[in-house]
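# any chance you could fold what I've pasted below:
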Amino acid sequence: MCKRAVEVTYSEEILRDAVRTCVWRQGVVRQKGLWAAEAMLIALLIWLPLRGEQGWLLGVISVVALLPPCLIIAMWIAHHRNTVGKFHRMPSRRADFTFLDEGLEVASELGSAKIPWSGITEIWERPAYWMIFTAPNQFMTLPLQAVSAEDRDFLRSKVPVAVP
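Residues are numbered from 1 along each chain as shown. Take a look at the predicted model:
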């Protein structure tokens, strides 16, 4: 049985960057169709007044054009409150990660979890940390300062690493 344990220390800078990364990739990069439609709506908002339109149609399109930016703001607020909020509730700012053959264990003062490898959907590799996803918008952050290259390779062998 393979068992590798590492204690990591979180920083607010890493967690804020993780939130920005998640919102950018999930809300912007992976939503190209939404942003193409947004560009078309903005073009329509420019074109309609040039044609003399000032009625209800312009108002409706204006409101609809505000929805995608509002979605990004809501997404950022939710991830920030969850991720950075947990950090602020952690007295020691530390967590223990244990890499097992059958899964990953995480423990901190806030609780613990054991996640089978099949429960991890992907890993996003960043220079100072990795984001380990258990659902499309649910992730945990693994700071890398104490994680050996061997442990990183072990994780890569268990979970697909996402291409940016």
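# go through the chain and flag its longest helix.
Looking across the chain with DSSP state H, the single longest helix is helix 56-89.
# got the buried residues for that one?
61, 65, 68, 72, 75-76, 79-80, 83-84, 86-87 (16 or more other CB atoms under 10 Å). For glycine as for every other residue, the C-beta is placed from the backbone atoms N, C-alpha and C.
# P91: which element?
Assessed by DSSP states H and E, P91 sits outside every helix and strand.
# what is the neighbour count of the closest residue to it other than its chain neighbours?
Spatially, and ignoring its direct neighbours in sequence, P91 is nearest to E109 (5.7 Å; CB to CB, 6 or more residues apart in numbering). Neighbourhood size, E109 [other CB atoms under 10 Å]: 12.
# ok, now how distant is E109 from R4?
22 Å (CB to CB, to the nearest Å).
# check contacts around R93.
R93 makes contact with 9-11, 87 under the criterion CB atoms under 8 Å, 6 or more residues apart in numbering.
# same thing but 6 Å
The neighbours of R93, taking CB atoms under 6 Å, 6 or more residues apart in numbering as the test, are 9-10.
# so what's L71 closest to, chain neighbours aside?
Leaving aside its sequence neighbours, L71 sits nearest to G27 (CB to CB, 6+ apart; 6.8 Å).
# scratch that, Y10
R93 (4.9 Å).
# just want the most central residue of the protein.
C22 (2.7 Å; CA atoms, centre = their mean).
# check the secondary structure at that residue for me.
helix (DSSP: H, G, I helix; E, B strand; the rest coil).
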